[in-house]
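Enquirer: what would the 3D arrangement of this be:
(2 chains, ligands or ions: 1)
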Amino acid sequence: MDIKYLVRKSISIRMKVVEIIYKSRMGHIGGSLSETDILVALFYAVMKPDDKFILSKGHSVEAYYVILADKGLIPWEELEKYCHFGSRLIGHPSVDIPGIDVATGSLGHGLSIACGMALALKLDKKDNKVYVLMGDGELQEGSVWEAAMFASTHKLDNLVAIVDRNRLQIGGDTESIVKLEPLADRWASFGWEVKEMNGHDIEEIVNTLNSFTFNSKPHIAIARTIKGKGVSFIENNYRWHHGELDEEKYQKAVEELKRHLEAIG
Amino acid sequence: MNPHIPCRKAFSEKLFELAKDDKSIIVLTTDARFSAAIDVFSYHLPNQFIDVGIAEQNAIGIAAGLSKMGRKPFVFMPACFLSARCIDQIKVDVIYSKSNVKLIGVSGGISYGPLGYTHHAVNDVAIMRTFPGMTIILPSDANQAKLVAEKLVEHTGPVYVRMGRGPVPPVYHENLRFEIGKANLLTEGDDVTIIGIGETTYYCLEAGKLLKKNSNINAEIIDMPTVKPLDEDLLFKEAKKTGRIVVVEEHSICGGLGSAIAEFLSQNFPTPMKILSLPDDFPIAGSSLQVFDYYGLTPEKISRSVVDFLSRFRK
Ligand SMILES: [Mg+2]
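Expert: Here you go, the predicted model:
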């Protein structure tokens, strides 16, 4: 695992995320920056060919698009058309985009779909895995817990859920809106194997996700993250959930990300 | 002898036969294995049977996931829940995600008559019609239901099927037909076109006989099992021929087959129409026959409505 390469990748993806959100004057910047390191760990280190991925927190689509473009599934230049009139690169993933199996954006759907995929892999006796990334606010949807019960009943140990636990949702702190804690205990009580990790330490993310074995339990990694990670004036501020960048703020964000990149060398 | 058989039973029996040879068929249910008559899968094809428990939203998501891995999922649940409780999953995971999922609503319409409005599915067609790419089928008898099962295994794309709970008399005998998107002319006639769907088709046939006997009216009777896509060619042809159309359906007046036909004809060949249906209200409690009769959907009452309609819209 070339950690330096992965960290550089992560910062350059953040730079592109900031750029397309600046240019389109819309997007979900907080969540995209929050999840970037998790996506980089998945797409550049953890996932094997024919593994499945679902971005259940579909609004954080920008980082996902940039990675699909970096992987050659979307032409790089097409990123310029993010959220433009008639573009297929709209504000939530759709099946018109190569590499995306299901549309997401209505929260609380992804884990059920992932259960269906994991079940099919089991029936086919394949050892591929299904990864699903959920937001923490998303866990307020009851359907998530329907799927959680189903997954442990069917011993879907090829299913790996990740929670982007930045503790914020549009309206503020998750705990002040509807409490999620004790989150790890809740998942464990639903029959899941639970691990916690620093969602911005790519090495730790990779090691945690790779540590899940076929042990008859579905797995969940709760990633402690910072919404808006990498751009200090966006970090940890729920008002930036879908904040817009003007020219001055865009330049400021780019400069800060450049500094991060230079610091790695 | 033509025994009366519930459509849901015939459909499930046929699907079970097909599933023995086609391992990609997988049935899901939400604690409704007996209502859906798919318990036989759990005994003999356990790898093709999943009871998701009482979790409709989860069931649809799981089915979508299975379909993306090459399976052919058929999700069975009471039509009242299928058409409402999990509608966002149907919209996003099935329709928008272009998933090959078959949605099988059992005990639809007012099949659960005495159980009340929670268990009625009388706006299900209206809801399903608004999804682009959705196919909607209501078989009218057990033999046709079997044929629907057969066609759906071969068909790729989302389909909603609504069937009632109780046994129904046969509509089709040696003339059995079903093609997705095609209506079937059952009785020739040129005074009026009466269109039935699902369980009302049999009543339309009986009403046609009464009209001939009592009023010398030659009604042509059509079974229109597919609401979407609508058989526009046939509607255009028959509207031109008889000039007067009566639709009889076990559905709210809002948004069902009558609405679909009116949307098409009003813009392409305006034709006087009468829609005999359930009201935009909570249906009265009772057996199917009692409720049908109360709202004028039994043969005698259909025929009287037709006579009245023809007297108001003369050729
Ligand atoms: Mg959050």
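Enquirer: in three-state terms, label residue 148 for me.
Expert: Using chain A here. Following DSSP: H, G, I helix; E, B strand; the rest coil, A:A148 is assigned to helix.
Enquirer: surely it touches A:A188?
Expert: No: using CB atoms under 8 Å, A:A148 makes no contact with A:A188, being 10.8 Å away. C-beta here means a position set from N, CA and C on the backbone, and glycine is covered the same way.
Enquirer: who's more crowded, those two?
Expert: A:A148 (24 against 14; other CB atoms under 10 Å in any protein chain shown).
Enquirer: which ones are touching the closest residue to the more buried one other than its chain neighbours?
Expert: In this structure, A:A148 finds its nearest non-sequential neighbour in A:F190, 4.4 Å apart by CB to CB, 6 or more residues apart in numbering or on different chains. Residues in contact with A:F190 (CB atoms under 8 Å, 6 or more residues apart in numbering or on different chains) are A:W145, A:A148, A:M149, A:S152.
Enquirer: out of the residues you listed, grab the one that's most surrounded.
Expert: A:A148 (24 neighbours).
Enquirer: so what pLDDT did that one get?
Expert: A:A148 is assigned 98 on the pLDDT scale.
Enquirer: contacting residues around it?
Expert: A:A148 neighbours (CB under 8 Å, 6+ apart): A:L111, A:W187, A:F190, A:G191, A:W192, A:P218.
Enquirer: where in the stretch 1-150 of chain A is pLDDT low?
Expert: For the stretch 1-150 of chain A, no stretch has pLDDT under 70.
Enquirer: how about the residues of it by chain B?
Expert: A:94-95, A:101-106, A:108-121, A:123-124, A:142-143, A:146-147, A:149-150 (CB under 8 Å from any CB of the partner chain).
Enquirer: quick one: buried ones out of those?
Expert: A:94, A:101-106, A:108-121, A:143, A:146-147, A:150 (16 or more other CB atoms under 10 Å in any protein chain shown).
Enquirer: which parts of the stretch 101-250 of chain A sit against the ion?
Expert: A:G135, A:D136, A:G137, A:N166, A:L168 (CB under 5 Å from the ion).
Enquirer: take those residues and keep only those in strands.
Expert: Mapping these onto strands (DSSP state E) picks out A:G135, A:L168.
Enquirer: average pLDDT across stretch B:230-240?
Expert: For stretch B:230-240, the mean confidence score works out to 98.
Enquirer: buried set for that stretch?
Expert: For stretch B:230-240, by 16+ other CB under 10 Å, it's B:L230, B:D231, B:E232, B:L234, B:L235, B:E238, B:A239.
Enquirer: in the stretch 151-300 of chain B, mark out all the helices, start to finish.
Expert: B:200-215, B:232-242, B:257-268, B:288-294, B:299-312 (DSSP state H, counting those that start in this stretch).
Enquirer: for the ones you listed, which one sits closest to chain A?
Expert: Proximity to chain A (CB to the nearest CB) singles out helix B:257-268 among the helices of the stretch 151-300 of chain B, at 26.2 Å.
Enquirer: and the nearest residue to B:E232 once chain neighbours are set aside, what is it in contact with?
Expert: Nearest non-adjacent residue to B:E232, counting by CB to CB, 6+ apart: B:F264, 5.7 Å away. Shown in contact with B:F264 (CB under 8 Å, 6+ apart): B:L230, B:E232, B:L235.
Enquirer: mind listing the strands for the stretch 51-200 of chain B?
Expert: Remark: strands assigned in the stretch 51-200 of chain B by DSSP state E, counting those that start in this stretch are B:72-78, B:102-106, B:135-137, B:159-162, B:167-168, B:184-187, B:192-196.
Enquirer: and those strands as a markdown table, adding distance to B:A64, mean neighbour count and mean pLDDT?
Expert: Converted to a markdown table, the strands of the stretch 51-200 of chain B look like this (distance: least, CB to CB, whole Å; neighbours: other CB atoms under 10 Å in any protein chain shown; pLDDT from 0 to 100):
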| stretch | distance to B:A64 | mean neighbour count | mean pLDDT |
| --- | --- | --- | --- |
| strand B:72-78 | 8 | 27 | 98 |
| strand B:102-106 | 11 | 28 | 98 |
| strand B:135-137 | 16 | 25 | 98 |
| strand B:159-162 | 14 | 28 | 98 |
| strand B:167-168 | 31 | 18 | 95 |
| strand B:184-187 | 32 | 18 | 97 |
| strand B:192-196 | 33 | 29 | 98 |
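Enquirer: and these as a markdown table, adding distance to B:S288?
Expert: Formatted as a markdown table, those follow (distance: least, CB to CB, whole Å):
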| stretch | distance to B:S288 |
| --- | --- |
| strand B:72-78 | 15 |
| strand B:102-106 | 14 |
| strand B:135-137 | 20 |
| strand B:159-162 | 14 |
| strand B:167-168 | 9 |
| strand B:184-187 | 21 |
| strand B:192-196 | 15 |
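Enquirer: for chain A, find the nearest of those.
Expert: Going by CB to the nearest CB, the one of the strands of the stretch 51-200 of chain B nearest chain A is strand B:72-78, 7.8 Å.
Enquirer: for stretch A:41-48, buried residues please.
Expert: A:A41, A:L42, A:F43, A:Y44, A:A45, A:V46, A:M47.
Enquirer: switch those over to JSON lines; also include distance to B:V307.
Expert: Below are those laid out as JSON lines (distance: CB to CB, whole Å):
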{"residue": "A:A41", "distance to B:V307": "74"}
{"residue": "A:L42", "distance to B:V307": "69"}
{"residue": "A:F43", "distance to B:V307": "70"}
{"residue": "A:Y44", "distance to B:V307": "75"}
{"residue": "A:A45", "distance to B:V307": "76"}
{"residue": "A:V46", "distance to B:V307": "73"}
{"residue": "A:M47", "distance to B:V307": "69"}
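Enquirer: fine by me, thanks again.
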